[in-house]
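one predicted model, sequence on top.
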Amino acid sequence: GENVEQHPSTLSVQEGDSAVIKCTYSDSASNYFPWYKQELGKRPQLIIDIRSNVGEKKDQRIAVTLNKTAKHFSLHITETQPEDSAVYFCAASRISGNTPLVFGKGTRLSVIA
Amino acid sequence: KAGVTQTPRYLIKTRGQQVTLSCSPISGHRSVSWYQQTPGQGLQFLFEYFSETQRNKGNFPGRFSGRQFSNSRSEMNVSTLELGDSALYLCASSPWGQAQFFGPGTRLTVL
């Protein structure tokens, strides 16, 4: 089955700097890659997702890139703000393969004002 | 649309007891998945139901079971509770094969 590894496990950045979180997956048939943000005491919330027919997707200060050959994808947050502090999870699955969404173990991002 | 709801939000049980958690998905979503979240272990997949059928199952012992009703509402049951079952149990619903939307979770504490 699918295995997703996520790095780093913790990340501290200064406000205004960029943050990058990287994930690798093992199943070459995976074609759907969402990212979730979980603030303390709250539910995970989808912040951006990408499908394998797209190499990059942006939404304001957030972008995700996908390298299918290397089987890795990354989350980029620019101009970080204190409210970006949270745990971020990457995940992978096959949309049409009836396989579950497999999550990485998460990255705790701290944005220091 | 109303979001995913879970009841109860908090539970305290003792070892050996059993517990049933409930999840109501977003209207129109037919897929419901359950996850166990513990510190350091991230989100571990328990099982997924689609149209009342278990479509996928994670690597958890048989003490963990679930079901889905015709209105897509889902329940999960844990029998013979162990201390290690203490966790946040999250339910997520999906239209099918797309983004999952999470409920607030049920915090289970086993004493």
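Sure thing, it's come through. Residues are numbered from 1 along each chain as shown, chains lettered A, B, ... in the order given.

which helix or which strand is home to the residue nearest the centre of chain B?
Residue closest to the mean C-alpha point of chain B, counted by C-alpha atoms, centre = their mean, is residue B:34 at 3.5 Å. Using DSSP states H and E, residue B:34 falls within strand B:31-38.

and if you look at residue A:63?
Residue A:63 is part of strand A:62-67, with elements assigned from DSSP H and E.

so for that strand, mean pLDDT?
In this model, strand A:62-67 has an average pLDDT of 97.

who touches it?
With C-beta atoms under 8 Å, 6 or more residues apart in numbering or on different chains as the test, strand A:62-67 has contacts from A:33, A:35, A:47-50, A:52, A:54-57, A:72-78. Every residue, glycine included, has its C-beta placed from N, CA and C.

can you check stretch B:59-67 too?
For stretch B:59-67, the external contacting residues (C-beta under 8 Å, 6+ apart) are B:34, B:36, B:44, B:46-47, B:49, B:52, B:54, B:74-80.

and it, how far from the chain's centre?
10 Å (C-alpha atoms, centre = their mean, to the nearest Å).

give me the sheet partners of the strand holding residue B:34 and which way each runs.
According to DSSP bridges, strand B:31-38 has the following sheet partners: strand B:42-50 (antiparallel), strand B:87-94 (antiparallel).

what is the burial count for residue 7?
Because you didn't say which chain, this covers chain A. When counting by other C-beta atoms under 10 Å in any protein chain shown, one arrives at 15 neighbours for residue A:7.

if you could check chain B rather than the one you did, that'd help
Per other C-beta under 10 Å, the neighbour tally for residue B:7 reads 13.
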